[in-house]
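A.B. asks: Provided below are the primary sequence and the corresponding predicted coordinates.
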Amino acid sequence: RISLNANRRKGVKMVASNNESITTDPDMKTGEATKEACSKNQAITPSIIPTTLAYSNSAHASAERPIPDESTWKLLRDTFVKVKAELSDDLEDVAWAKSLLGGPGNGFNVSVRVQSSPGKGRGVFAAEKIPEGTVVVKEEDSLSRYFYAETEWNAFLERLPRDLACDCAVWAWVCSYETEKGPGEAVGLDFSEGSLLNHGSADCAEKNNLIYGDTSKSWDMIAARDIEEGGELLTDYGDFHDINHKLQWYTDACKKYAFTPKSG
């Protein structure tokens with residue numbers, strides 16, 4: 001959830017989402033889905049605001065989950081790299097995946113800690129005061145990577161322990177990209193604590209305190225205001241998750257691993 005940029009992959013450019021209409025129900029107006037979830041103190045994830053289905057939290061999503069440690073992130077990174085090496089015919093994509101194996105790190109440019117966030121599950125909190133305008137995550141340090149094919153996404157999830165696959169289905173998002181051959185859509189996943197950033201927006205009781213700057217130049221994540229030590233870092237999922245996506249295989253994975261459709 002930290003960065004959408006794939007500029008280190010030559011010829012691939014991620015584009016900002018254009019979420020003009022967030023709907024989880026045909027009769028629900030823009031933004032009301034977010035307000036409804038906020039009123040229930042739910043952690044809003046991109047996976048619960050697709051265009052065609054409304055989702056309710058499954059037993060997994062509502063259960064208390066352990067805080068991932070470095071061994072968890074290593075498992076995810078190793079699995080991702082193996083899947084890319086086996087299934088991707090794009091050597092540059094495989095090389096970009098392997099860049100995840102450079103060692104420990106969470107991609108943040110400031111000191112943070114992960115802990116329980118009341119009513120939301122896990123969250124990311126400032127371990128120091130973060131002044132307004134601070135670059136919280138530099139684009140080049142991002143540990144976000146992308147699945148461009150259904151086979152890659154499904155193989156990745158199937159090789160993980162069930163609970164961890166559920167986590168990844170919740171953490172993932174869909175974004176658009178452009179190449180010389182035309183536009184496309186990909187599933188993004190942050191292979192670090194950035195996956196645990198919770199949602200905030202003007203529609204919620206808590207407004208996001210992390211923003212992107214000029215995305216035509218950079219996908220740096222910036223502090224929108226002063227964040228005191230102990231304050232939770234919140235990002236607006238609508239900034240990067242394309243709720244009007246056409247990736248049915250992403251939605252199918254959400255249904256299989258993380259959420260159950262509401263009746264109807």
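C.D. replies: That came through fine. Numbers count the residues shown, from 1 in each chain.

A.B. asks: Residue 249 - that's part of a helix, no?
C.D. replies: Yes. According to DSSP: H, G, I helix; E, B strand; the rest coil, residue 249 belongs to a helix.

A.B. asks: what separates stretch 105-113 from the chain centre, distance-wise?
C.D. replies: Centroid displacement of stretch 105-113 relative to its chain, using CA atoms, centre = their mean, to the nearest Å, is 16 Å.

A.B. asks: sorry, that was for stretch 76-94
C.D. replies: Here the centre of mass of C-alpha atoms in stretch 76-94, compared against the chain's by CA atoms, centre = their mean, lies 19 Å away.

A.B. asks: Could you export it as PDB, CA atoms only?
C.D. replies: Output for stretch 76-94, consisting of C-alpha atoms alone and laid out as PDB, is shown next (Å, rounded to 0.1, in the frame of the first residue of the first chain):
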ATOM      1  CA  LEU A  76       6.300 -13.800   1.600                       C
ATOM      2  CA  ARG A  77       9.300 -12.300  -0.300                       C
ATOM      3  CA  ASP A  78      10.900 -15.700  -0.900                       C
ATOM      4  CA  THR A  79       7.600 -17.200  -2.100                       C
ATOM      5  CA  PHE A  80       6.900 -14.200  -4.400                       C
ATOM      6  CA  VAL A  81      10.400 -14.500  -6.000                       C
ATOM      7  CA  LYS A  82      10.000 -18.200  -6.600                       C
ATOM      8  CA  VAL A  83       6.600 -17.800  -8.200                       C
ATOM      9  CA  LYS A  84       7.900 -15.000 -10.500                       C
ATOM     10  CA  ALA A  85      11.000 -17.000 -11.400                       C
ATOM     11  CA  GLU A  86       8.800 -20.000 -12.400                       C
ATOM     12  CA  LEU A  87       5.900 -18.300 -14.100                       C
ATOM     13  CA  SER A  88       7.000 -14.900 -15.500                       C
ATOM     14  CA  ASP A  89       8.600 -14.800 -18.900                       C
ATOM     15  CA  ASP A  90       9.600 -11.100 -18.300                       C
ATOM     16  CA  LEU A  91      13.200 -11.200 -17.100                       C
ATOM     17  CA  GLU A  92      13.100  -7.600 -15.900                       C
ATOM     18  CA  ASP A  93      10.000  -8.400 -13.800                       C
ATOM     19  CA  VAL A  94      11.800 -11.300 -12.300                       C
END
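
A.B. asks: buried residues in it?
C.D. replies: If you call a residue buried by 16 or more other CB atoms under 10 Å, then stretch 76-94 has these buried ones: 76-77, 79-81, 83-84, 87-88, 93. (C-beta placed from N, C-alpha, C; glycine too.)

A.B. asks: Spell out the residue ranges of the strands in this protein.
C.D. replies: Here the chain has its strands, by DSSP state E, at 13-15, 55-57, 112-117, 121-126, 135-137, 144-147, 173-179, 182-190, 198-199, 210-212, 221-223, 234-235, 259-261.

A.B. asks: tell me the mean pLDDT over the last one?
C.D. replies: I take that to be strand 259-261. When the per-residue pLDDT values of strand 259-261 are averaged, the result is 46.

A.B. asks: Quick check: end-to-end length of stretch 210-225?
C.D. replies: Criterion CA to CA, to the nearest Å; first-to-last residue distance in stretch 210-225 is 8 Å.

A.B. asks: what comes up buried for that stretch?
C.D. replies: Quick answer for stretch 210-225 (16+ other CB under 10 Å): 210, 212, 215, 218-224.

A.B. asks: cool, and stretch 194-214?
C.D. replies: By neighbour count, with 16+ other CB under 10 Å as the criterion, the buried positions of stretch 194-214 are 194-201, 203-204, 208-210, 212.
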